[in-house]
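coordinates only, sequence not included:
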């Protein structure tokens, strides 16, 4: 039986009780209403995922719901914002109830984990396209910007890099002895929300690694008008990624593969003692523009960029 | 030449100077930052438009940019909110610069008209799908909800109904002697932002007419748990719509055709003198549920609904 737009929203997306105090009006009117405390700024981010571009058509819808929200919460984490609300624009070819049940399970479980309210959105018919706008709260003037890195800052990442990229290669046919961890990081990344909050008075600049470590760190370098020297051997790599590099010689993977959703951030030397456990120092910010890579004792410029839509040399 | 995602955003969507004081950080970081005054609530709405569902593939991109923003500002108007910021998620098959120039011209001209900042979004590759999230400010507790109508309230609309529906019929081949007005209202509707603000202390309930007068008024009736009696002859109709009804006998058009983006609102009798000029009283709210229509002296129940996505009897 065909499901009307209103019935679909009621059945899958409407909660009875508010999940946090910011939401004063949720789904069901012309707009939702949020209350922003006077000492807070509102941080807002938007990410779209398109079938056959950002995900495979046969992806588990529960993974897809999780990842769609995770990539947006990751942008809030990169600013140090506490997530409060999201809207969801869902364009679907048909209202497949099995798919919808899986999708909302993945989406809403992660929303509940971070007490994020689904406040509204739109449901339309068309090729599968999913857009989330996520909103979060920040103490006034405390946002972790891309533009705050200073020469002498140390560069950190929040965890192993390249697992999601390896997961994508496994999806594309690469045979891996222990595929579970890489596939899990590709399908169901966890946004580093708590870490972003912990970095508010610690980091000078921060970004989440969605397009690849080199490309995302380059955003910090360009917007801060600085450069960086990264030591390849200092980049934390999981054993499956190490085995992949050994087997294939493809040592670029941790630099150019995206989707890890770890944070990359810079910290002044006198605040290094405040960096939370589990983060890894991988380099240093320098005054000279550009990204340089020390590997096996040699220093080379690193120009290859990560994934860019519409780029002439798009991967 | 292919345009990179970053170059596309820089060239078409980045302004140099902020358009209002709410935006503290715009396009270019992981999130945008908004400052919400302590005495205000934030109203948020999302609308998606999909090629071949909400617009024809050969539509003038300038009209499309205008309409995409207009339908979102219309939702803010229906709450009585003053628009401040929008984000834009643009999924495009290719970065066609002629199309992009037209689209952004229509979009940004309307944004400037209402001092709305484009604060961010996402640009992805895929079937043409456009999602806007619009944000506006409301005085605390003053929002015009769908749920506030009371028996005895008078029902108003803010202008002629059915022109956009006639415009769609003209697009589909209906021969009309004076097509200009109907086509303009179909392609470039103007959101009733000023009227929404003027209704803040006047209306008990309000909605914008996007799905059709009957369907949208029904949302007010259901959420307010009331009914209404509407007088067909009191619905303001333009001379092209009157001529269409006379020629075709299709008197349902002003009740079921959407896309007019006029406001429909209810007002207590003692506040009728405060209703701005140019609005038309078309009926009265009654305690008995349901929508009733008086036409040619007879009263009948009106059950036919406007457009619903995924509905079994979708038009």
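Great, that's in hand. Keep in mind it's a predicted model, so treat the numbers as computed, not measured.

stretch A:281-291: which residues count as buried?
By neighbour count on 16 or more other Cβ atoms under 10 Å in any protein chain shown, the buried set for stretch A:281-291 is A:282, A:283, A:284, A:285, A:286, A:291. All C-beta spots, glycine's among them, are computed from the backbone N, C-alpha and C.

can you tell me which of those residues is nearest chain B?
residue A:291 (16.1 Å; Cβ to the nearest Cβ).

run a quick neighbour tally on the nearest residue to the closest one once chain neighbours are set aside.
Of all residues not flanking residue A:291 in the chain, residue A:302 sits nearest, at 4.6 Å (Cβ to Cβ, 6 or more residues apart in numbering or on different chains). Residues contacting residue A:302 under the criterion other Cβ atoms under 10 Å in any protein chain shown number 21.

ok, residue A:302 - contacts?
The neighbourhood of residue A:302, defined by Cβ atoms under 8 Å, 6 or more residues apart in numbering or on different chains, consists of A:214, A:230, A:255, A:291, A:292, A:293.

how close does the closest residue to the first one other than its chain neighbours sit to chain B?
Leaving out its chain neighbours, the residue that sits closest to residue A:214 by Cβ to Cβ, 6+ apart is residue A:255, at 4.5 Å. Distance, residue A:255 to chain B, by Cβ to the nearest Cβ, to the nearest Å: 19 Å.

mind checking the SS state of residue A:255?
helix (DSSP: H, G, I helix; E, B strand; the rest coil).

distance of it from residue B:300?
Distance, residue A:255 to residue B:300, by Cβ to Cβ, to the nearest Å: 70 Å.

what does the residue nearest to residue A:291 show for phi and psi?
Backbone torsions for residue A:302, taken as degrees, to the nearest 10, come to phi -120, psi 110.

coming back round to it: restricted to strands, list the contacts of residue A:302.
A:230, A:291, A:292, A:293 (DSSP state E).

hey, where'd the helices end up in the stretch 1-150 of chain A?
In order along the chain, the stretch 1-150 of chain A carries the following helices (DSSP state H, counting those that start in this stretch): A:5-13, A:61-79, A:97-113.

pick the most buried one from the ones you listed.
helix A:61-79 (a mean of 26; mean count of other Cβ atoms under 10 Å in any protein chain shown).

and that one, what does it pack onto?
Packed against helix A:61-79 by the contact rule (3 or more Cβ pairs under 8 Å, 6 or more residues apart in numbering or on different chains; DSSP states H and E) you find strand A:40-50, strand A:82-92, helix A:97-113, strand A:129-139, helix A:180-187, helix A:193-198, strand A:203-208.

could these go into TSV alongside distance to residue A:249 and mean pLDDT?
Shown next, in TSV, are these (distance: least, Cβ to Cβ, whole Å; pLDDT from 0 to 100):
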stretch	distance to residue A:249	mean pLDDT
strand A:40-50	31	95
strand A:82-92	40	95
helix A:97-113	36	94
strand A:129-139	36	96
helix A:180-187	18	94
helix A:193-198	32	98
strand A:203-208	28	98
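
can you list those in JSON lines and add distance to chain B?
As requested, the helices and strands packed on helix A:61-79 are exported to JSON lines (distance: least, Cβ to the nearest Cβ, whole Å):
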{"stretch": "strand A:40-50", "distance to chain B": "3"}
{"stretch": "strand A:82-92", "distance to chain B": "4"}
{"stretch": "helix A:97-113", "distance to chain B": "11"}
{"stretch": "strand A:129-139", "distance to chain B": "4"}
{"stretch": "helix A:180-187", "distance to chain B": "18"}
{"stretch": "helix A:193-198", "distance to chain B": "10"}
{"stretch": "strand A:203-208", "distance to chain B": "6"}
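
make a markdown table out of the ones you listed and add distance to residue A:29.
Shown next, in a markdown table, are the helices and strands packed on helix A:61-79 (distance: least, Cβ to Cβ, whole Å):
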| stretch | distance to residue A:29 |
| --- | --- |
| strand A:40-50 | 20 |
| strand A:82-92 | 13 |
| helix A:97-113 | 20 |
| strand A:129-139 | 17 |
| helix A:180-187 | 35 |
| helix A:193-198 | 29 |
| strand A:203-208 | 33 |
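
residue A:241 is nearest to which of the ones you listed?
helix A:180-187 (7.4 Å; Cβ to Cβ).

between the helices of the stretch 1-150 of chain A, which one is nearest to residue B:74?
helix A:5-13 (17.8 Å).

what's the average pLDDT for the closest one?
Helix A:5-13 carries an average pLDDT of 74.

what's the most distant pair in the contacts of residue A:302?
Farthest pair in these (Cβ to Cβ) is A:255 and A:292. Separation: 12.2 Å.

between residue A:255 and residue B:300, which is the more surrounded one?
Neighbour totals were compared for residue A:255 and residue B:300, and residue A:255 leads with 23 against 11 (other Cβ under 10 Å).

got a list of what the more buried one touches?
Residue A:255 neighbours (Cβ under 8 Å, 6+ apart): A:212, A:213, A:214, A:235, A:293, A:302, A:304.

okay, now the first one: neighbour count?
Residue A:212 sits with 25 neighbouring residues when counted by other Cβ under 10 Å.

need the phi and psi values for it.
phi 120, psi 150.

what's the pLDDT at it?
Reported pLDDT for residue A:212: 95.

that one is in contact with residue A:252, isn't it?
No: contact between residue A:212 and residue A:252 fails when scored by Cβ atoms under 8 Å: they sit 9.2 Å apart.

okay if I get the ones in strands among the contacts of residue A:302 as CSV plus pLDDT?
Converted to CSV, these look like this (pLDDT from 0 to 100):
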residue, pLDDT
A:230, 96
A:291, 94
A:292, 94
A:293, 93
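
and of these, the nearest to residue B:247?
The closest of those, once distances to residue B:247 are taken by Cβ to Cβ, is residue A:291, at 68.8 Å.

bridged to that closest one, which residues?
Residue A:291 has the following beta-bridge partners by DSSP bridges: residue A:228.

what's near enough to touch it?
Residue A:291 makes contacts with A:214, A:217, A:218, A:221, A:227, A:228, A:230, A:301, A:302, A:303, as judged by Cβ under 8 Å, 6+ apart.
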